[in-house]
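Undergrad: Using only what follows, build the 3D model:
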Amino acid sequence: MYFDNKVIWITGASSGIGKALALALSQYDCKLILSARRTEILEDVKTQCKNTEHVAVLPFDLADYEKMEPVSLKAINSFGHVDILINNGGISQRSLIMDTDISVYKTLMDVDYLGTIALSKALLPHFVKRKSGHFVTVTSLMGKFSSPYRSGYCGAKHALHGFFDALRLEHENDHIKVTLICPGFVNTQVARNAITGDGSLQQTQDASTENGLHVDVFAKRMLKAITKEKFEAYIGKKEVLGIYIKRFFPRMIHNVVSKSKVR
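TA: Presented below is the predicted three-dimensional model:
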């Protein structure tokens, strides 16, 4: 199996997609490193995993992007090396541009973009030295086209595509792989935890997220995309069609999204 005998590091592992990935991957003969901000929640996820002796907990905050080198070293020392880094941690946004303080955009870029690339850059020399490694980064369909109420989130996710496409090109000869996962709507707490124009949490669910893919179904499809070492994978329901409409009919996707009731 693709994941057997590998060390897999998951950020944002305390809930949602990250937790679902941890539980699914714990069924394989692999070792896991679970990261998020809160130790107690990570420990709870660990207890739900199979083979807990093969699961390490490494709490840190993606917003502290200048401290990623020691975090990366701790991860490597957990089991001797890292084979796959799943960049899943991040936050979403729900606010109109006119209502959004510039500090909110900074928070989104610090966590969703700079935190992710700083962590990946800190681990990169380890992958280069081993001539092996796989960066798996969860972006969004919003990293390929945009939607109202998500301007900062869309900007950060678009930026991740630019960075990791360049990383893939620069390190192809080092046998380093990059997979970008673009979720559509997944039924998690992402909407409730989204920040609004003043930086406070939205704390409410929306219909599109509520009716999205079950997180376990999403995790299964995501793991399949990783095993196939896809460059990009679009995972969701009918909203995935937006990728292809954007590519061939950019004005049409504008009209479709502007008429939708997505919030």
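
Undergrad: by contact count, what packs against the helix or strand containing K157?
TA: For K157, the host element (DSSP states H and E) is helix 151-170. In terms of contact count using 3 or more CB pairs under 8 Å, 6 or more residues apart in numbering; DSSP states H and E, helix 151-170 is assigned the packing partners helix 102-108, helix 116-130, strand 133-138, strand 176-183. The C-beta positions use only the backbone N, C-alpha and C, and glycine is treated the same way.

Undergrad: Could you rerun that using 6 Å?
TA: Contacting helix 151-170 under the criterion 3 or more CB pairs under 6 Å, 6 or more residues apart in numbering; DSSP states H and E are the following elements: helix 102-108, strand 176-183.

Undergrad: mind checking which of the ones you listed is nearest I17?
TA: Closest to I17 of these, according to CB to CB: strand 176-183, at 7.1 Å.

Undergrad: Residues touching the closest one, excluding its own?
TA: 127, 133-141, 164, 167-168, 222, 226, 229-230, 232-235 (CB atoms under 6 Å, 6 or more residues apart in numbering).

Undergrad: so what strands line up beside that strand?
TA: Listed by DSSP bridges, the sheet partners of strand 176-183 and their directions read strand 133-138 (parallel), strand 232-235 (parallel).

Undergrad: Same question for the helix or strand of the chain with the lowest mean pLDDT: list its buried residues.
TA: Counting by mean pLDDT, DSSP states H and E, the weakest-scoring helix or strand in the chain turns out to be helix 207-210, with a mean of 88. Neighbour counts using 16 or more other CB atoms under 10 Å place 208-209 of helix 207-210 among the buried residues.

Undergrad: Okay, K224 and A233: tell me how far apart.
TA: K224 sits at a distance of 8 Å from A233 (criterion: CB to CB, to the nearest Å).

Undergrad: So for the two, which residue has more residues nearby?
TA: The residue with more neighbours, out of K224 and A233, is A233; 18 against 13, by other CB atoms under 10 Å.

Undergrad: any idea how far that one is from K46?
TA: Here the criterion is CB to CB. By it, A233 lies 27 Å from K46.

Undergrad: Could you check how many residues crowd around the nearest residue to H126 once chain neighbours are set aside?
TA: Across the structure, with CB to CB, 6 or more residues apart in numbering as the measure, the residue nearest H126 apart from its sequence neighbours is I76 (5.8 Å). By the other CB under 10 Å criterion, the neighbourhood of I76 contains 17 residues.

Undergrad: Fine by me, thanks again.
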